[in-house]
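1. Give me coordinates for this.
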Amino acid sequence: MSKRTAIVTGSTSGIGLGIARALGMAGHNLVINGLGDPAVIEAIRAELAAETGAEVIYDAADMSKPDEIAAMITNTIARFGHVDVLVNNAGIQFVAPIETFPPARWDLIIQINMSAAFHAIQHALADMKSRGFGRIINVASAHALVASPFKSAYVTAKHGIAGLTKTVALEAAEHGVTVNAVCPGYVLTPLVEKQIPEQAAARGISEDAVIRDVLLAAQPTKRFVTVEEVAALTVFLAGDSAGSITGAIIPIDGGWTAH
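-> Next up is the predicted model:
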C-alpha cells in the first residue's frame, strides 16, 4: 500500500505546523499550506522532509478563495494519487466589540475559518469515498462549544465548524470516511500571542492580566494546551484505530468546557 497523504491547511506555523510534523512522523506524505515569506516556507518544507522522511510539498492556496482551495485538492491528487487525510486548520482572529467589529474582518474570518473547510471537504470527499477511506479533521476550538466576548466572528465560525463536522460525518459514515473536530483551549501560538494585546486594549487591562484572568482563567489546569498534545490527538483520529469515531466534537481544553 502506498503512503497515505495528508493535507494540513494553515501549517506554516503554530498548531498546523505541529500537526503536519506529527503526521509526517507517523508516515504520511504532506501537503503544507499557509502564509509567510517564501524563503522561510521553503526552509520549513525542507526541514519537515528531512525530519520525517516524508515527501513534503507546499501549496500556496489562499483559504479565502474557493477556486484556489479546489485547485489544491486537484493538485494533491495529481501528485500523490489520493487524499487520505484532510486537516482543516487555517484560521485567523480579530478581537473587538460587536458595535465596532469591522464588517470586512467578519467576512474574512468566516471565509477562512469556516467556509474554507466546506470548500476543501467538498472537493476531497469524492476521492475518499471512492477508495473507502478518509479522515477529515477540523481544528475547531473550545469556542465551538462556548463563547467569549469580543470574538463574534471567530465564535460564530467555530460553532459553524462543529455543525459542518456532524453533517458531513453522517453523509460519509457508510463510506469509510470519518469526520471529527478537535477543539483546543488556549495554545500559546502566534495567533494567541497576537490577541493578548488586542484583548488588553478591548478590556482596558494589562497583558499579564489577560493571560492570568482571561485566558488561563478559563482552563482549570492553569496551563496552556501544547501544540504536541493537539497534534497527537489529530494523528490518532487520522489512524485506523479511530475508525468508529466520527461526528465527534472533542475538547482538548484543560477542562474549560467542563464548567
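2. give me every residue that touches the closest residue in space to residue 187 that isn't next to it in sequence.
-> Excluding the flanking residues, the one nearest residue 187 by C-beta to C-beta, 6 or more residues apart in numbering is residue 225, at 4.8 Å. (Each C-beta comes from the backbone N, C-alpha and C, glycine too.) With contacts defined as C-beta atoms under 8 Å, 6 or more residues apart in numbering, residue 225 is in contact with 184, 185, 186, 187, 219, 252, 253, 254.
3. shaky segments in the stretch 51-200 of the chain?
-> For the stretch 51-200 of the chain, no stretch is flagged by pLDDT under 70.
4. can you pull out the strands in the stretch 151-259 of the chain?
-> Here the stretch 151-259 of the chain has its strands, by DSSP state E, counting those that start in this stretch, at 177-184, 249-252.
5. Export these to TSV and append columns for mean neighbour count and distance to residue 121.
-> Output for the strands of the stretch 151-259 of the chain, formatted as TSV (neighbours: other C-beta atoms under 10 Å; distance: least, C-beta to C-beta, whole Å):
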stretch	mean neighbour count	distance to residue 121
strand 177-184	26	8
strand 249-252	18	16
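6. a markdown table please, covering those and showing distance to residue 89.
-> Listed next are the strands of the stretch 151-259 of the chain as a markdown table, based on distance: least, C-beta to C-beta, whole Å:
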| stretch | distance to residue 89 |
| --- | --- |
| strand 177-184 | 9 |
| strand 249-252 | 14 |
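7. closest to residue 142 out of these?
-> Evaluated with C-beta to C-beta, the strands of the stretch 151-259 of the chain place strand 177-184 nearest to residue 142, the distance being 5.4 Å.
8. Direction included, what does that closest one pair up with?
-> The pairing partners recorded for strand 177-184 under DSSP bridges are strand 134-139 (parallel), strand 249-252 (parallel).
9. Of all these, which one is nearest residue 148?
-> Evaluated over those, closeness to residue 148 peaks at strand 249-252, with 14.8 Å, by C-beta to C-beta.
10. so what's the backbone phi/psi at the residue nearest the centre of the chain?
-> Note on the chain: the residue nearest the mean C-alpha position is residue 89, at 1.7 Å, using C-alpha atoms, centre = their mean. Backbone torsions of residue 89, given as degrees, to the nearest 10, read phi -120, psi -20.
11. Do I have it right that it meets residue 12?
-> No - between residue 89 and residue 12 there is no contact under C-beta atoms under 8 Å: 10.6 Å.
12. how close does residue 231 sit to residue 213?
-> Distance, residue 231 to residue 213, by C-beta to C-beta, to the nearest Å: 28 Å.
13. hmm, who's touching stretch 93-104?
-> Residues outside stretch 93-104 that contact it (C-beta under 8 Å, 6+ apart): 105, 109, 149-154, 191, 194-195, 198-199, 202.
14. Could you list the domains of this protein?
-> 5-185+226-249, 186-224 (automatic domain parsing).
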